[in-house]
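> Let's see this in three dimensions:
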Amino acid sequence: MAFNNYKTIGEVLKAFQVIYTEANFIGETAFNISDYFREDLEIMMRDGVVDNSEFAICENLIYPVLKEVWKLYRSKFILWSYQSLNYDEKLSGFPEYILAKKSPLGKVVFDKPYFILVEAKQDNFETGWAQCLAEMIAAQRLNGEFQIVIFGIVSNGVTWQFGKLESETFTRNITYYSIQELNNLFAAINYVFQQCELQLKTLIAA
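So this is what the prediction gives:
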């Protein structure tokens with residue numbers, strides 16, 4: 001069953017026996033946003049068509065934000081887009097974005113562990129989270145020996161929601177973030193990247 005066949009969070013929780021909780025786990029980590037980025041985003045949101053499709057949302061709003069933070073961590077991670085993630089017939093598909101460890105074999109090698117899954121949805125966060133959670137479960141199982149926290153993000157470009165999968169528990173962050181409050185949004189994403197970096201250091205040291 002492909003990721004996009006899941007329509008509700010409850011359906012995924014029941015199918016894979018995952019526990020659902022809500023809590024504010026995001027600890028915002030300040031990020032220096034360049035003036036160029038701010039000006040470019042303002043131009044796109046004012047004069048561009050940025051949300052007429054999920055592809056447009058990805059290209060104009062989600063990817064530019066993720067890329068800006070990723071550049072700070074690019075020595076350790078690769079940000080993949082529309083890369084196949086296939087665990088079995090119930091967990092397979094193409095997440096919008098995946099943050100994975102940078103492979104020692106080169107940047108073109110898709111290497112685990114997989115840390116962040118990102119799903120874009122125009123207006124349906126329930127379906128977005130169903131698909132994102134299924135992707136997070138697939139990543140968790142594909143990671144195998146890497147017992148790490150998997151992070152998930154669902155966004156319609158303007159509103160950004162965060163979640164994490166730790167063992168059999170999925171926690172959705174209560175607070176939402178908005179591209180209208182850019183400093184807070186970047187601080188939240190930077191926190192998630194930072195947590196991924198800390199986990200990777202722990203794995204390397206083990």
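> For the rest of this, base every contact and every neighbour count on C-alpha atoms.
Fine.
> residues near Leu61, how many?
21 (other CA atoms under 10 Å).
> Any figure for the gap between the residue lying closest to it once chain neighbours are set aside and Leu85?
By the measure of CA to CA, 6 or more residues apart in numbering, the closest residue to Leu61 outside its immediate chain neighbours is Gly157, 5.2 Å from it. As judged by CA to CA, to the nearest Å, Gly157 and Leu85 stand 23 Å apart.
> Next, the contact list for Glu135, please.
3, 85, 91-92, 95, 117 (CA atoms under 8 Å, 6 or more residues apart in numbering).
> Gly157 and Leu85: which has the busier surroundings?
With neighbours defined as other CA under 10 Å, Gly157 and Leu85 compare such that Gly157 has more, 24 against 19.
> quick one: pLDDT of the more buried one?
If you check Gly157, the pLDDT there is 93.
> Which element is encountered next along the chain beyond the helix or strand bottoming out on mean pLDDT in the chain?
The weakest-scoring helix or strand in the chain, judged by mean pLDDT, DSSP states H and E, is helix 54-57 (a mean of 89). Per DSSP states H and E, helix 54-57 leads on to helix 63-70 as the next helix or strand towards the C-terminus.
> Put the alpha carbons of the following helix or strand past that following helix into CSV.
Counting by DSSP H and E, the next helix or strand C-terminal to helix 63-70 is strand 77-81. The C-alpha coordinates for strand 77-81 follow below in CSV (Å, rounded to 0.1, in the frame of the first residue of the first chain):
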residue,chain,number,x,y,z
PHE,A,77,23.4,15.3,5.5
ILE,A,78,21.8,15.1,2.1
LEU,A,79,18.4,16.6,1.5
TRP,A,80,16.7,14.3,-1.0
SER,A,81,13.6,15.1,-3.0
